[in-house]
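J.: got a predicted structure here, sequence first:
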Amino acid sequence: MKAIKLSFKSKDGVTDNREVQVSDEVHALLQKFMSGKKPTDKIFSNASSGSVNMLLKAIMPDITVKNLRTVKANSEFVEEAKRILTGFTPKTEVEKIRVLYLANKRVAEQLNHQKNIGKNHGDQTQKAKDKIAASKENAKKAAEIALGTSLGAYLNPAIVFSL
């Protein structure tokens with residue numbers, strides 16, 4: 001087995017950098033494919049998800065790259081959950097949910113799932129800051145008013161329940 005370093009644009013254009021172990025045969029083939037190329041060049045310069053999908057459809061009409069990714073993710077999830085559960089039996093719902101969360105987290109890391117920052121991120125952040133400031137101001141005003149006095153001394157509980 002030999003280690004190779006890969007750097008590529010994965011799903012949604014997110015850069016994926018990883019080191020993987022490959023057999024000596026695969027390593028030799030990769031060296032052959034890369035002969036005459038720079039280390040930064042693509043291994044398969046003409047390959048795209050579309051061309052891979054066409055190849056897959058020739059083998060099995062209803063399969064796509066996305067299907068293969070889903071199968072891989074599901075397989076990884078099951079294996080990860082089994083690994084976490086080795087020697088451990090969750091007894092509560094919280095423990096069961098925690099196992100699912102951890103397995104999902106590890107699969108997301110393996111598949112390089114990353115959050116994208118949306119176009120409106122700056123506007124949304126500012127709106128959230130404005131809401132926080134307004135809430136603090138409202139809380140400050142409410143702290144200056146003795147609500148307990150009116151509630152305890154003047155308001156009839158029957159009125160509240162009639163609403």
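T.: Happy to help now that I have it. Numbering: from 1, shown residues only.
J.: now whatever helix or strand Ala128 lives in, how far from the centre of its chain.
T.: Secondary structure assignment for Ala128, by DSSP states H and E: helix 121-144. Averaging C-alpha positions (C-alpha atoms, centre = their mean, to the nearest Å) puts helix 121-144 29 Å from its chain's average.
J.: mind checking pLDDT for the residue positioned nearest the centre of the chain?
T.: Residue closest to the average C-alpha location in the chain (C-alpha atoms, centre = their mean): His113, at 4.3 Å. For His113, the pLDDT comes out at 76.
J.: what about it, distance to Lys38?
T.: 29 Å (C-beta to C-beta, to the nearest Å). Backbone N, C-alpha and C define where each C-beta goes, glycine included.
J.: do the same with Lys32
T.: 16 Å.
J.: now do the SS call for Pro39.
T.: Three-state assignment for Pro39 (DSSP: H, G, I helix; E, B strand; the rest coil): coil.
J.: that one: how many residues sit nearby?
T.: As a burial measure, Pro39 scores 7 neighbours (other C-beta atoms under 10 Å).
J.: over to Lys127?
T.: Lys127: 11 neighbours (other C-beta under 10 Å).
J.: same check, this time on Val107
T.: Neighbours of Val107 using other C-beta under 10 Å come to 20.
J.: residue contacts, it?
T.: The contact partners of Val107, by C-beta atoms under 8 Å, 6 or more residues apart in numbering, come to Ala73, Glu76, Phe77, Glu80.
J.: so what's it scoring on pLDDT?
T.: Among the per-residue scores, Val107 shows a pLDDT of 89.
J.: next, the buried residues of the host helix or strand of it.
T.: Here Val107, judged by DSSP H and E, is contained in helix 93-110. For helix 93-110, a neighbour-count test (16 or more other C-beta atoms under 10 Å) marks Val99, Ala103, Asn104, Arg106, Val107 as buried.
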